[in-house]
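**Student:** only geometry, no sequence info:
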């Protein structure tokens with residue numbers, strides 16, 4: 001509702017102040033969430049190889065957990081409409097902390113030789129599935145909360161701010177992985193503790209969402225992936241995240257093999273590259289997205305060619321600085337694409353459907369991360385350049401496909417009436 005129609009200017013001012021406070025608390029928490037999600041990426045490839053797992057087994061661990069997040073995110077999004085954003089977010093954050101402890105314990109058994117082979121692989125899959133099912137509550141609730149406290153005109157900027165906070169965490173997460181010099185698992189134990197305190201922080205300081213809870217979720221439960229209002233964004237989002245995941249989960253192998261690094265050195269070098277990638281993503285979200293007035297779909301069309309260039313560089317060169325620069329370009333492009341995708345899906349539906357669409361949109365990344373890592377690991381075992389060449393081709397096809405989709409979009413990023 002436009003505040004100019006509100007008979008009470010004081011109420012409008014108070015609401016604006018409350019929203020600003022809620023936004024600061026939410027964005028601070030998302031920094032820590034970003035740390036938790038990113039700290040594992042530089043570590044899993046070298047840890048997996050230390051435990052004797054193959055590339056396809058290592059990437060399958062991420063793929064299996066991403067499948068669980070994909071299946072659970074829409075449910076958590078709908079539950080946030082009825083239970084409240086704050087409650088669902090707290091469940092996800094506490095679940096992240098507990099799940100990290102469980103997963104780290106299994107990793108420790110593998111590194112010490114207590115568990116090996118198929119038993120180790122199976123235990124890691126089960127632990128990661130349990131972890132993913134609960135932690136997947138956090139992001140749909142957080143995205144829906146951000147939609148609750150932003151107007152349609154500021155939705156892209158709000159999602160950009162949330163993405164920027166998450167990417168700031170993605171810078172700090174790989175930095176935290178430098179503690180691997182103590183032991184490979186030290187960064188993961190630290191993030192488990194940090195995530196626990198993040199849960200307490202949200203419980204204590206985040207206000208309840210200003211949107212009333214929906215007593216009967218029948219209105220939101222009808223929203224489907226095939227809903228014509230959001231289908232173009234879903235298609236683009238799934239393929240975009242699949243290509244990103246395919247690359248992200250194999251770069252540890254690429255750095256280690258191309259540069260002849262040890263497990264500890266791989267974690268360090270890849271951690272630096274990921275920090276730079278996240279920094280470029282943060283710049284894109286905090287500066288480019290915040291200042292642009294382009295509709296979400298147009299931002300996606302800008303980002304895709306940059307990603308094609310990035311993946312082409314990864315396939316063509318084995319020099320550390322080139323691989324690092326390619327990851328930086330990838331981060332910058334995803335920093336533009338991520339908020340545009342979330343904002344476009346959010347703007348396409350009604351206020352009452354924000355929890356549901358947040359769950360569906362939040363599940364597109366996990367769906368991409370389900371197929372991407374597994375397929376990437378398989379391609380890497382065949383030839384180290386195949387994952388990146390394949391991703392470049394997929395994104396080129398996606399870019400051509402978006403030309404047709406954009407004809408169905410109006411200037412606000414929603415489906416035009418036929």
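**Tutor:** Great, that's in hand. All values reported here derive from a predicted model rather than from experimental measurement. Numbers count the residues shown, from 1 in each chain.
**Student:** from residue 80, how far out is residue 207?
**Tutor:** In this structure, residue 207 and residue 80 are 15 Å apart, going by Cβ to Cβ, to the nearest Å. C-beta coordinates here come from the backbone N, C-alpha and C atoms, glycine included.
**Student:** do the same with residue 300
**Tutor:** 25 Å.
**Student:** okay, the two: which has more neighbours?
**Tutor:** Set side by side, residue 300 and residue 80 give different neighbour counts by other Cβ atoms under 10 Å, the larger being at residue 80 (34 against 27).
**Student:** what helix or strand is the more buried one located in?
**Tutor:** Taking DSSP states H and E as the criterion, residue 80 maps to helix 55-83.
**Student:** what residues of that helix count as buried?
**Tutor:** Neighbour-count burial for helix 55-83, counted by 16 or more other Cβ atoms under 10 Å, picks out 55-74, 76-81, 83.
**Student:** then stretch 293-313?
**Tutor:** Under the neighbour-count criterion of 16+ other Cβ under 10 Å, stretch 293-313 has 294-304, 306-308, 310-313 buried.
**Student:** got a pLDDT number for residue 402?
**Tutor:** According to the predicted model, the pLDDT of residue 402 comes to 75.
**Student:** wait, it sits on residue 304?
**Tutor:** Yes: if you go by Cβ atoms under 8 Å, residue 402 and residue 304 touch, sitting 6.8 Å apart.
**Student:** in the stretch 201-350 of the chain, where is pLDDT below threshold?
**Tutor:** Confidence mapping of the stretch 201-350 of the chain against pLDDT under 70 gives the ranges 211-222.
**Student:** contacts only, for residue 99.
**Tutor:** By Cβ atoms under 8 Å, 6 or more residues apart in numbering, the contact list for residue 99 reads 127-128, 130-132, 134-135.
**Student:** go again using 6 Å as the cut-off
**Tutor:** Counting by Cβ atoms under 6 Å, 6 or more residues apart in numbering, residue 99 touches 131, 135.
**Student:** give me the next element, helix or strand, following the strand or helix carrying it.
**Tutor:** Element membership for residue 99, per DSSP H and E: helix 85-111. Downstream of helix 85-111, the next assigned helix or strand under DSSP H and E is helix 117-135.
**Student:** show me what that following helix is packed up against.
**Tutor:** Judged by 3 or more Cβ pairs under 6 Å, 6 or more residues apart in numbering; DSSP states H and E, the packing partners of helix 117-135 are helix 55-83, helix 85-111.
**Student:** include mean pLDDT when you put those helices into JSON lines, please.
**Tutor:** As requested, those are exported to JSON lines (pLDDT from 0 to 100):
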{"stretch": "helix 55-83", "mean pLDDT": "86"}
{"stretch": "helix 85-111", "mean pLDDT": "94"}
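**Student:** for residue 143, find the nearest of the ones you listed.
**Tutor:** Taking Cβ to Cβ, helix 55-83 is the member of the helices and strands packed on helix 117-135 nearest to residue 143, at 8.2 Å.
**Student:** check which helices and strands that closest one sits against.
**Tutor:** Looks like helix 55-83 contacts helix 85-111, helix 117-135, helix 138-148, helix 354-382 (3+ Cβ pairs under 6 Å, 6+ apart).
**Student:** can you map out the helices along the stretch 201-350 of the chain?
**Tutor:** Secondary structure of the stretch 201-350 of the chain by DSSP state H, counting those that start in this stretch: the helices cover 218-221, 231-248, 251-259, 263-283, 289-291, 296-316, 320-347.
**Student:** need the contact list for the residue positioned nearest the centre of the chain.
**Tutor:** For the chain, the residue whose C-alpha lies nearest the mean C-alpha position (Cα atoms, centre = their mean) is residue 365; its distance is 6.1 Å. Neighbour list for residue 365: residue 241 [criterion: Cβ under 6 Å, 6+ apart].
**Student:** residue 395 - how many residues pack around it?
**Tutor:** The number of residues packed around residue 395, counting by other Cβ under 10 Å, is 26.
**Student:** what sits closest to it if chain neighbours are left out?
**Tutor:** Beyond its immediate neighbours in the sequence, the residue positioned closest to residue 395 (Cβ to Cβ, 6 or more residues apart in numbering) is residue 308, lying 4.8 Å away.
**Student:** what's the separation between the one you found and residue 339?
**Tutor:** Distance of residue 308 to residue 339, given as Cβ to Cβ: 20 Å.
**Student:** please apply the same query to residue 389.
**Tutor:** Counting by Cβ to Cβ, the separation of residue 389 from residue 339 is 28 Å.
**Student:** over to residue 241?
**Tutor:** For residue 241, the distance to residue 339 - Cβ to Cβ - is 14 Å.
**Student:** on that earlier part again, could the helices and strands packed on helix 55-83 go into JSON lines alongside distance to residue 170?
**Tutor:** Converted to JSON lines, those look like this (distance: least, Cβ to Cβ, whole Å):
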{"stretch": "helix 85-111", "distance to residue 170": "15"}
{"stretch": "helix 117-135", "distance to residue 170": "16"}
{"stretch": "helix 138-148", "distance to residue 170": "13"}
{"stretch": "helix 354-382", "distance to residue 170": "13"}
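**Student:** let me know which of those helices is tucked in deepest.
**Tutor:** Here the criterion is mean neighbour count by mean count of other Cβ atoms under 10 Å, and of those the winner is helix 138-148, at a mean of 29.
**Student:** next SSE after it?
**Tutor:** Using DSSP H and E, the first helix or strand after helix 138-148 is helix 155-176.
**Student:** compute the number of surrounding residues for residue 112.
**Tutor:** Using other Cβ under 10 Å as the criterion, residue 112 is surrounded by 9 other residues.
**Student:** what does it show for phi and psi?
**Tutor:** Listed backbone geometry of residue 112 is phi -90, psi 0, with angles given as degrees, to the nearest 10.
**Student:** how much space between it and residue 317?
**Tutor:** As judged by Cβ to Cβ, residue 112 and residue 317 stand 38 Å apart.
**Student:** with residue 333 instead?
**Tutor:** Computed as Cβ to Cβ, the residue 333 to residue 317 distance reads 18 Å.
**Student:** mind giving me the packing neighbours of whichever helix or strand residue 34 is part of?
**Tutor:** Assigned by DSSP H and E, residue 34 belongs to helix 9-38. Applying 3+ Cβ pairs under 6 Å, 6+ apart, we find helix 9-38 packed against helix 155-176, helix 186-205.
**Student:** switch to 10 Å and redo it
**Tutor:** For helix 9-38, the helices and strands in contact under the criterion 3 or more Cβ pairs under 10 Å, 6 or more residues apart in numbering; DSSP states H and E are helix 85-111, helix 117-135, helix 138-148, helix 155-176, helix 186-205, helix 263-283.
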